[in-house]
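>>> kindly generate the corresponding structure for this input.
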Amino acid sequence: MESRHPDHGTRPPAGRRSLAQLLGDARRWFDDALLAAMDDAGTPPVTPTQVQLFAVLDDAGTTVSELARRMGVTRQTAHQAVHGLVAAGLLEQIPHPASARQRLIRRTADGERAHRQAEAVLARLEECLAERIGPQAATALRAALEQPWGQAPGPGGRAPVSP
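Modelled structure (predicted):
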């Protein structure tokens, strides 16, 4: 039975973890395994934020502002992640062809190799997960997560007000 919280609507019964906590744990499972595999392969050490940045980077290059928007972080956080990856030799900055004020961030040859390795590791992790929870559960999980969730609820968990 769910209990009502005065400011946040329903919450899981005592002892039951929220879906947000479970999703966070699942993300950490993938991040931890990916980072360990990449470290074993000799890839320069990266943070989970830097891994996320790699995942949203276009092949032709992306501006720091666009990376920040896609990652849901501040421009400063994205810039710090980029700076670390440039220093590691995995990314480079090139002039933006349409704007003298902006620069595009793109993978170096080493960054491309690391990206391909990471994609292969993630594919193996998905296979491992399917073995652990069953192929039907893994397929259902993917299908549920691929559904559009809509705009995030407003304050207090209420649905946003449409104009």
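
>>> alpha carbons only for contacts and neighbour counts from here, please
OK.

>>> could you look up the SS state of Q102?
strand (DSSP: H, G, I helix; E, B strand; the rest coil).

>>> got a list of what it touches?
By CA atoms under 8 Å, 6 or more residues apart in numbering, the residues touching Q102 are T63, P95, H96.

>>> now, of those, which are buried?
T63 (16 or more other CA atoms under 10 Å).

>>> so which residues of the chain form strands?
3-5, 9-11, 91-96, 99-107 (DSSP state E).

>>> ok and the last one relative to strand 91-96, angle-wise?
In terms of direction (axes from the mean of the first three to the mean of the last three CA atoms, to 10 degrees), strand 99-107 departs from strand 91-96 by 150 degrees.

>>> just the buried residues of strand 99-107, please?
Quick answer for strand 99-107 (16+ other CA under 10 Å): Q102, R103, L104, I105, R106, R107.

>>> out of those, who's nearest L85?
Checking the buried residues of strand 99-107 against L85 by CA to CA gives R107 as the nearest, at 9.2 Å.

>>> and that closest one, bridged to which residues?
Residues in a beta bridge with R107, per DSSP bridges, are L91.

>>> what separation do you get for it and L141?
31 Å (CA to CA, to the nearest Å).

>>> adding distance to A33, write the contacts of Q102 out as TSV.
Formatted as TSV, the contacts of Q102 follow (distance: CA to CA, whole Å):
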residue	distance to A33
T63	29
P95	35
H96	35
